[in-house]
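Engineer: Fold the following and give me the result.
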Amino acid sequence: MDIDEEIRQLEEEIQKTKYNKATQHHIGKLKAKIARLKDEKMKQKGGGGGGAGFGIKKTGDATVGMVGFPSVGKSTLLNRLTNAESKTGSYDFTTTSVIPGVMEYGGCKIQILDLPGIISGASEGKGEGRKIISIARVVDLLLIMVDAGDMSQLDFIKKELHRAGIRINQKAPDVTVKKKDRGGISVELSRNAKIDEDTARNIAQEYLINADIVIRGNVDEEKLIDALSGNRVYIPAVTAINKIDLHPEKEIGEDEKTVMISARTGLGIEKLKERIFESLSLVRIYMKPEGGDADMEHPLVLKKGADIEDVCRKIHREFVKNFRYALVWGPSASFPGQRVGMHHAVMDGDVVTIVTR
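Structural biologist: Just a heads-up that it's a prediction; the model follows:
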């Protein structure tokens, strides 16, 4: 029996089985089997894996991958956001390779990659799917572009990304797995877990033989399967709804992850740039040499959650080795010029002086 047939039979069994307390453990195990088989199938076809994809070199302070249907307007948007010159036209598949550009915003240089149009089966490697997905898995943010005249594109793209193991705008489930030599599988649950101990154990048996598993937070069956699979990636995403100028009758709500734009006229482009920057969670640090003035034009750019040690490493590893203390002015400082140690968390807009031996 091939993998597709095995998956089909398992899915049929789930459909025929009424979900209740007596069957939930069995259904959980079936779902885990299906997920494992789909992962196996993807590995065989080469979809959803890592790798260099098109061989694009990541540059700048962060990298954004632009995903959408052929002819949705990605090339035009790239030209709006950056100084790249991507071919634009009314034909499908205008972009058949990755076109990089750099968007400058708030002192940061953000690489934007215009990926080839996504098609049905991309998650399984159809078309340029394998290469598109391999790049999508390693970017810092996904910019999903859809046509305001066909909002079904958004659900389609989300499903293809989900099938490829890409989870957008989600946090990784808080699941800890400690493998051991013997003793089977033990499960420890937090009170707000959305799964019971037996179901969790049945799912885990598809992936492990002996392990201690600790589940914290509102983890359900699917999130546990994601955690145990070990090949899921969690990436922030912003959706750009294009051609809104051609569909003024559309009432599509905006939120912090959705912006209505017209790549052709430039409508909403500045707001989109702002959303991209905010969603990347970048922290700009302005370095101030001892006895000198702070360089407010060329920030050191780090990810949210960085500390003084990360600042030192970004400059040069010798700064870590010879570190004495740092002086901080700005949002993270209790008072101007606060003296702090290596593990002081920095915030966007901080001015920092590193004092070495």
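
Engineer: C-alpha from now on. contacts and neighbour counts both.
Structural biologist: Will do.

Engineer: Can you name every helix or strand that the helix or strand harbouring M103 contacts?
Structural biologist: Assigned by DSSP states H and E, M103 falls within strand 99-105. Judged by 3 or more CA pairs under 8 Å, 6 or more residues apart in numbering; DSSP states H and E, strand 99-105 is in contact with helix 74-81, strand 108-114.

Engineer: Any idea which of those gets closest to D350?
Structural biologist: strand 108-114 (14.9 Å; CA to CA).

Engineer: Can I take it that Y234 is in a helix?
Structural biologist: No: Y234 sits outside any helix when classified using DSSP: H, G, I helix; E, B strand; the rest coil, being strand.

Engineer: so how far is the strand holding M103 from its chain's centroid?
Structural biologist: When distances are taken as CA atoms, centre = their mean, to the nearest Å, strand 99-105 is centred 18 Å away from the chain's centroid.

Engineer: This structure: helices as residue ranges?
Structural biologist: 3-16, 24-45, 74-81, 129-136, 152-163, 197-204, 221-229, 269-280, 308-315, 317-321 (DSSP state H).

Engineer: got the contact list for the first one?
Structural biologist: Counting by CA atoms under 8 Å, 6 or more residues apart in numbering, the neighbours of helix 3-16 from elsewhere in the structure are 27, 30, 34, 37-38, 41.

Engineer: ok, and for it, which residues are buried?
Structural biologist: Buried residues in helix 3-16, counted by 16 or more other CA atoms under 10 Å: 7, 10-11, 14.

Engineer: ok and it relative to helix 24-45, angle-wise?
Structural biologist: 160 degrees (axes from the mean of the first three to the mean of the last three CA atoms, to 10 degrees).

Engineer: chain center to helix 3-16: distance?
Structural biologist: Centroid separation between helix 3-16 and its chain, computed with CA atoms, centre = their mean, is 30 Å.

Engineer: Among the contacts of helix 3-16, which one is most surrounded by other residues?
Structural biologist: Counting neighbours by other CA atoms under 10 Å, I27 comes out on top of these with 24 neighbours.

Engineer: how close does the closest residue to it other than its chain neighbours sit to K159?
Structural biologist: In space, and not counting its chain neighbours, I27 is closest to I14: 6.3 Å by CA to CA, 6 or more residues apart in numbering. Per CA to CA, to the nearest Å, I14 is found 20 Å from K159.

Engineer: Point out where the stretch 1-150 of the chain drops to low pLDDT.
Structural biologist: Where the stretch 1-150 of the chain drops to pLDDT under 70, the residues are 1, 44-56, 83-96, 119-128.

Engineer: Done for today, thanks.
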